[in-house]
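In: please find the sequence and the predicted model below.
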Amino acid sequence: MEYFTKQNSIVRQIWGSSDTIMFIFAGAAAEFALNKSVDWLYFTGKLPSDPIARFLSTVSYARDIVFAEQEDALRSIDKMAAIHKAVEVKRGMDIPDWAYRDVLFMLIDYSIRSYELLERPLSIVEKQEVFEVFHRVGSRMGIRGLPQDFGVWQWIREAQLEQNLQYSNYTADLFGQYRRHLGFLRYAILIESQKLVIPKCVSSRVGFSNFKTLKPFIGIYKLGRQFNLDWLLKELLLPGAYKKAIMRLDVGIEKRGCPFQKQQLEPLRM
């Protein structure tokens, strides 16, 4: 049986943990609020109505592709491309290739940043593997102008961060929606989580301070995972409307003896 990613792939380790995916989600939520193409998701109305669910849906879709069999993954990618094409037809204009690349680059970058924050530094070979998996996703979608290796990607990523990000009314509105859907405490935790993974230029443009409140607690959190205490923390911090969706993202929870196992395995509904 052929899978979209090899069963021993570092990408499966990254996307098999809800911890890592939550930081990927947090980083992408901050950066995308600054992206010049964010108006496309405002056009559909789905992003401002429930941005948390919209971003969780996106990362869940990516996660499912990572673990899917080859043919199932390709069908999912084709479906995703068709959905975007339908939005383009409805609006009467094409989503620019750079906008597609930006989203793909976020998945690559925050996959690496989040795993290194919570686990260990990745080797160049492992980073190249992350790049290659998402490069195949982008190629299947027909995205033009994709770099061919991780080294070139790094250079283009830096240029993209400088050219395609700006603080706008959409930025202010999105962060306001995050606050409304999460509540004060959870919103504050989201902001502090974002500070831990986003590049400096993203942090400065969104107006974050340099002080990272959560940084000293990362080691404690990682230690708590050995005793399943991270699930208790998630149970307290995650909004009920999104809890099942986030818990479902874990792979191999049976091995961890998670007390919320049955709940986490329920199908994702958004």
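Out: Great, that's in hand. Numbers count the residues shown, from 1 in each chain.

In: pLDDT value on the spatially most distant residue from the centre of the chain, please?
Out: Centroid-distance maximum for the chain: Gly92 at 28.1 Å, with C-alpha atoms, centre = their mean. Looking at Gly92, its pLDDT is 89.

In: what's the distance between it and Gly142?
Out: Here Gly92 is placed at a distance of 20 Å from Gly142 (C-beta to C-beta, to the nearest Å). Backbone N, C-alpha and C define where each C-beta goes, glycine included.

In: okay, now the residue nearest to Leu165 when sequence neighbours are not counted: neighbour count?
Out: Nearest residue to Leu165, sequence neighbours excluded (C-beta to C-beta, 6 or more residues apart in numbering): Leu34, at 4.2 Å. Neighbourhood size, Leu34 [other C-beta atoms under 10 Å]: 21.

In: residues contacting Leu34?
Out: 165-168, 171, 202, 205-206 (C-beta atoms under 8 Å, 6 or more residues apart in numbering).

In: let's see it at 6 Å
Out: Contacts of Leu34 were listed using C-beta atoms under 6 Å, 6 or more residues apart in numbering, and they are 165, 171, 205.

In: Pro51 now?
Out: Counting by C-beta under 6 Å, 6+ apart, Pro51 has contacts 174, 177.

In: run a quick neighbour tally on Leu196.
Out: 18.

In: so which strand or helix has it?
Out: helix 184-197 (DSSP states H and E).

In: that helix: what's the following helix or strand?
Out: Following helix 184-197 toward the C-terminus (DSSP H and E): helix 200-206.

In: give me the buried positions along that next one.
Out: Going by neighbour count (16 or more other C-beta atoms under 10 Å), the buried part of helix 200-206 is 202-203, 205-206.

In: repeat that for stretch 34-44.
Out: Across stretch 34-44, burial judged by 16+ other C-beta under 10 Å covers 34-35, 37-38, 40-41.

In: check which helices and strands the helix holding Leu196 is in contact with.
Out: Secondary-structure packing of helix 184-197 (3 or more C-beta pairs under 6 Å, 6 or more residues apart in numbering; DSSP states H and E): helix 18-34, helix 97-118.

In: would you reformat the buried residues of stretch 34-44 as a markdown table and include pLDDT and distance to Ser49?
Out: Putting those into a markdown table (pLDDT from 0 to 100; distance: C-beta to C-beta, whole Å) gives the following:
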| residue | pLDDT | distance to Ser49 |
| --- | --- | --- |
| Leu34 | 95 | 20 |
| Asn35 | 92 | 19 |
| Ser37 | 86 | 18 |
| Val38 | 83 | 14 |
| Trp40 | 75 | 15 |
| Leu41 | 69 | 10 |
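
In: and these, which two are the farthest apart?
Out: Greatest spacing in the buried residues of stretch 34-44, by C-beta to C-beta: Leu34 and Trp40 (14.1 Å).
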